[in-house]
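[1] How does the following fold in three dimensions:
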Amino acid sequence: MRTGRTIQNPASGERIVLLRTGAETGGRLVEFELHLSPGGRVPTGHLHPEQEERFTVLDGRVRFRLGRRSVIAAVGETVTVFPGVPHSFANAGPAPARLLVEARPALHMEELLETAAELGTLPGPVKLALFLKEFEREVRAPILPRLVASAMRPVAWIGSRLGLDATYRHLRDGTRDHKDDHGL
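    Numbers count the residues shown, from 1 in each chain. Got it, this is the predicted structure:
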């Protein structure tokens, strides 16, 4: 990934512009500008088992759900999400919102963002299982994360055996394989 790269997810209303990549920061962090259209939101609640995320609102208002707590952040305010805290967020205003986001450490967050945008909204169970397996250090389901992860492993194994993990392989090795378009 390179600085300035834009990742667009029309399904969720997110546009991401990479400002600093993991490669540029020695893996310490990935930094990006997140644009949320009115009604834009992260596709689903989630948690990051190893990463801290810091969101600074540059324009607009954003509603964060942090565990059971709801917070609305306005321009100039920062919300920090610590590792393991279930969270989601959405544009809380009528105008576009813009945030500066830092994820520490970087891990494979850039590839996760690109893959999530390619998949659009929630994918079918096989692609979801493959996604959770591929990015298990970066993201987990917020409810019973270990149980969900262990239940999804056999599904992900089957998907890999069928070659349905091409969406993730091309991000690692730079190839493009369209065998992943089975609607699973």
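[2] how is the chain carved up into domains?
    6-104, 111-180 (automatic domain parsing).
[3] can you redo those as JSON lines with mean neighbour count and mean pLDDT?
    Backbone N, C-alpha and C define where each C-beta goes, glycine included. Shown next, in JSON lines, are the domains of the chain (neighbours: other C-beta atoms under 10 Å; pLDDT from 0 to 100):
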{"stretch": "domain 6-104", "mean neighbour count": "17", "mean pLDDT": "95"}
{"stretch": "domain 111-180", "mean neighbour count": "17", "mean pLDDT": "69"}
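[4] Using the three-state scheme, assign residue 130.
    helix (DSSP: H, G, I helix; E, B strand; the rest coil).
[5] so it makes contact with residue 161?
    No - counting by C-beta atoms under 8 Å, residue 130 sits too far from residue 161 to count as a contact (11.1 Å).
[6] Contact partners for the residue positioned nearest the centre of the chain?
    Nearest to the mean C-alpha position of the chain, by C-alpha atoms, centre = their mean, lies residue 113 at 4.7 Å. Counting by C-beta atoms under 8 Å, 6 or more residues apart in numbering, residue 113 touches 7, 16, 32.
[7] Quickly find the element holding the first one.
    With the criterion set as DSSP states H and E, the secondary-structure element containing residue 7 is strand 6-9.
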